[in-house]
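Participant: Just a sequence and a predicted model for now, questions to come.
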Amino acid sequence: MEKHSFIDIHSHIIYGADDGAQSMTEAIRMLQADRDQGAVAVFATPHYGRENNNFLPVAAGVREKFELLKERAAEEVPEIRLYLGTEWYCAWVLAERVFRMEAFRMNGTNYVLTEFLEYSGCHERPEKFRTNLAQLQKRGLKPILAHAERYRALQDDRDLVRELADSGVLMQVNAFDLERNINPVTREQAQWMAKEKLISFIGSDMHGMRPGARRPVVEEGVRWLFDNVEEEYALDVTMRNAENLLKAGTV
């Protein structure tokens with residue numbers, strides 16, 4: 001069975017920065033597992049946001065740990081290129097946090113991977129998606145909405161997904177949700193977004209290899225894309241868009 005290469009733009013591999021990898025060893029194991037499924041490049045995107053469990057890693061410390069991980073990975077997982085970013089909580093004041101360089105844009109570009117809160121008992125209002133993402137765009141930043149398939153507001157109103165995409169918001173979907181997620185609502189939302197060509201990037205959103213952590217499960221979702229959408233679009237989602245971001249800073 002053919003294995004497709006991909007660029008993973010969403011991961012939590014910087015040990016000690018958030019709720020992801022807890023050690024260098026675990027981070028390397030995560031990268032090895034991602035590589036074995038086809039990853040050729042991975043963005044490290046630790047959480048950042050006072051509103052999101054008060055994840056406030058010090059930028060200098062994150063950069064130092066990233067460089068150490070990059071050095072170790074070059075020895076143990078040389079097939080993978082590493083890049084630095086952040087998964088920012090999409091607060092109204094996010095643009096100010098970005099411009100103060102409290103954490104990192106995607107490889108230093110104007111693209112920012114950003115998320116809203118979504119868990120049992122917490123679902124953010126549709127208007128917050130509109131206003132906060134638009135605020136970023138007004139300041140010249142280019143938002144990438146992390147795991148866009150998972151938000152109740154967007155599941156309940158697919159027109160809102162189109163509205164955000166038409167406004168220039170790019171969508172990242174967790175590959176796991178395309179095929180493996182047993183939640184039918186989330187899985188069907190991810191598949192619908194793919195068939196409507198609303199996805200720009202995929203990610204693993206991997207948090208660890210320890211029991212209970214989200215492991216990298218990407219290969220089957222990537223295969224689902226190539227089996228269910230046009231090959232050219234699947235290549236855009238899995239490789240080309242991320243390559244364009246890295247090479248030209250634009251998608």
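Facilitator: Structure received. Numbers count the residues shown, from 1 in each chain.
Participant: Only C-alpha atoms from now on, for both contacts and neighbour counts.
Facilitator: Will do.
Participant: So, low pLDDT: which residues of the protein?
Facilitator: Within the chain, the stretches with pLDDT under 70 are 1, 120-121.
Participant: And the strands in it?
Facilitator: Secondary structure of the chain (DSSP state E): strands located at 6-8, 39-44, 47-48, 81-84, 87-89, 111-115, 118-119, 122-123, 142-145, 170-174, 201-203.
Participant: got those as TSV, with distance to R210 columns?
Facilitator: Shown next, in TSV, are the strands of the chain (distance: least, CA to CA, whole Å):
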stretch	distance to R210
strand 6-8	20
strand 39-44	18
strand 47-48	19
strand 81-84	22
strand 87-89	21
strand 111-115	24
strand 118-119	21
strand 122-123	26
strand 142-145	27
strand 170-174	19
strand 201-203	19
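Participant: how about those in CSV, adding distance to Q191 and mean neighbour count?
Facilitator: As requested, the strands of the chain are exported to CSV (distance: least, CA to CA, whole Å; neighbours: other CA atoms under 10 Å):
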stretch, distance to Q191, mean neighbour count
strand 6-8, 18, 28
strand 39-44, 21, 23
strand 47-48, 26, 27
strand 81-84, 27, 20
strand 87-89, 23, 24
strand 111-115, 20, 25
strand 118-119, 19, 12
strand 122-123, 21, 12
strand 142-145, 16, 24
strand 170-174, 10, 26
strand 201-203, 12, 27
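Participant: now for these, which one comes closest to R223?
Facilitator: R223 sits nearest to strand 6-8 of all these, at 10.7 Å, using CA to CA.
Participant: Okay, now the sheet partners of that closest one, with direction.
Facilitator: Using DSSP bridges, strand 6-8 pairs in its sheet with strand 39-44 (parallel).
Participant: Run the chain-centre distance for the strand it pairs with.
Facilitator: Offset of strand 39-44 from its chain centre (CA atoms, centre = their mean, to the nearest Å): 11 Å.
Participant: what does stretch 113-130 give?
Facilitator: For stretch 113-130, the distance to the chain centre is 15 Å (CA atoms, centre = their mean).
Participant: For it, measure first residue to last.
Facilitator: 16 Å (CA to CA, to the nearest Å).
Participant: Give the burial count for M24, as a bare number.
Facilitator: M24 is flanked by 18 other residues according to other CA atoms under 10 Å.
Participant: Just give the nearest non-adjacent residue to it, would you?
Facilitator: Counting by CA to CA, 6 or more residues apart in numbering, Y15 is the residue found nearest to M24 once chain neighbours are left out, at 6.1 Å.
Participant: one step back: with respect to L69, which of the strands of the chain lies nearest?
Facilitator: Taking CA to CA, strand 81-84 is the member of the strands of the chain nearest to L69, at 8.9 Å.
Participant: tell me which strands and helices the closest one is in contact with?
Facilitator: strand 39-44 (3 or more CA pairs under 8 Å, 6 or more residues apart in numbering; DSSP states H and E).
Participant: Which among the strands of the chain is found nearest to A194?
Facilitator: Of all those, strand 170-174 comes closest under CA to CA, at 9.0 Å.
Participant: Contacts for that closest one, please.
Facilitator: 142-149, 165, 190, 198-205, 218 (CA atoms under 8 Å, 6 or more residues apart in numbering).
Participant: same check, this time on stretch 94-110
Facilitator: So stretch 94-110 is in contact with 43, 48, 57-59, 83-86, 88, 111-113, 135-136, 139-142, 245-246, 249, going by CA under 8 Å, 6+ apart.
Participant: ok, and for that stretch, which residues are buried?
Facilitator: Judged by neighbour count using 16 or more other CA atoms under 10 Å, the buried positions of stretch 94-110 are 94-95, 97-98, 102-107, 109-110.
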